[in-house]
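Peer 1: pasting a predicted model and its sequence here:
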Amino acid sequence: MTETTTGEQAANDTCAMPTPQKEHDWLHRLIGDWNFEGECIMGPGEPPMKSIGETSVQSLGGLWILCDGSGDAPDGTPVNSLITLGYDPQKQRFVGSFVASCMTHLWIYDGSLDAAGKVLTLDTEGPSFSGDGSLVPYQDIIEIESDDHWTLKSRMPGEGGAWFEFMTAHYRRKK
């Protein structure tokens, strides 16, 4: 047997599989097949638009979850989406992304759990509703209601800087 050199040991340590943390376990509660019903407010004074669909959530190596969704936009156009979520122990933050077939923007998530460990708030930025091309802050908020129900809410700063919730979706586990 030969001893490894310091450089070889460092390479081996870098390639070692990370151990999932309690935060990864929290994300794993979302694993499964889900139906969703959502409402979205498209603008001031507009009635809420309803949507339905399904999402399949799976683990990627115990460190990430992939939320593969499909449904119809309010106008009936099919929409597919993919959310990736994980936890970065070095940053001590949840990280991830969101893409959808109805938009060209790549949403990058950076978030944390509340003190009770029930609500995950994901900060991101995206196109302003004004259509002027500017980017504004958003938050996507995941709350686990029970083993068979979770919600996803989206909000952005409104007039006066207060957060304005414009979308809520309820996910219920398929039986």
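Peer 2: That came in fine, so what should we check first? Bear in mind that the values here come from a model prediction, so they are computed numbers and not experimental data.

Peer 1: from now on I want contacts and neighbour counts done on CA atoms only, so please keep to that.
Peer 2: Will do.

Peer 1: low-confidence ranges, this protein, go.
Peer 2: 1-14 (pLDDT under 70).

Peer 1: how about 80 then?
Peer 2: 1-15, 42-44, 73-75, 130 (pLDDT under 80).

Peer 1: what segments of it are strands?
Peer 2: 32-40, 49-60, 64-72, 78-88, 93-100, 107-113, 119-127, 135-146, 149-157, 163-173 (DSSP state E).

Peer 1: reformat those strands as a markdown table; add mean neighbour count.
Peer 2: Converted to a markdown table, the strands of the chain look like this (neighbours: other CA atoms under 10 Å):
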| stretch | mean neighbour count |
| --- | --- |
| strand 32-40 | 19 |
| strand 49-60 | 18 |
| strand 64-72 | 20 |
| strand 78-88 | 19 |
| strand 93-100 | 18 |
| strand 107-113 | 19 |
| strand 119-127 | 19 |
| strand 135-146 | 17 |
| strand 149-157 | 18 |
| strand 163-173 | 18 |
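
Peer 1: can the ones you listed go into a markdown table with extra columns for distance to residue 21?
Peer 2: Output for the strands of the chain, formatted as a markdown table (distance: least, CA to CA, whole Å):
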| stretch | distance to residue 21 |
| --- | --- |
| strand 32-40 | 20 |
| strand 49-60 | 14 |
| strand 64-72 | 11 |
| strand 78-88 | 8 |
| strand 93-100 | 11 |
| strand 107-113 | 13 |
| strand 119-127 | 15 |
| strand 135-146 | 18 |
| strand 149-157 | 21 |
| strand 163-173 | 24 |
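
Peer 1: nearest to residue 16, of those strands?
Peer 2: strand 78-88 (15.4 Å; CA to CA).

Peer 1: shouldn't residue 174 be in contact with residue 31?
Peer 2: No: contact criterion CA atoms under 8 Å: residue 174 and residue 31 do not qualify, at 11.5 Å.

Peer 1: higher neighbour count, the two?
Peer 2: Using other CA atoms under 10 Å, the more surrounded residue of residue 174 and residue 31 is residue 31, with 16 against 13.

Peer 1: leaving out the residues flanking it, which one is nearest to the more buried one?
Peer 2: Distance criterion CA to CA, 6 or more residues apart in numbering; nearest residue to residue 31, sequence neighbours excluded, is residue 57 at 4.7 Å.

Peer 1: for that neighbour, give its distance to residue 51.
Peer 2: For residue 57, the distance to residue 51 (CA to CA, to the nearest Å) stands at 19 Å.

Peer 1: circling back to that earlier point, what's the closest of the strands of the chain to residue 23?
Peer 2: Nearest of those (CA to CA): strand 78-88, 6.4 Å.
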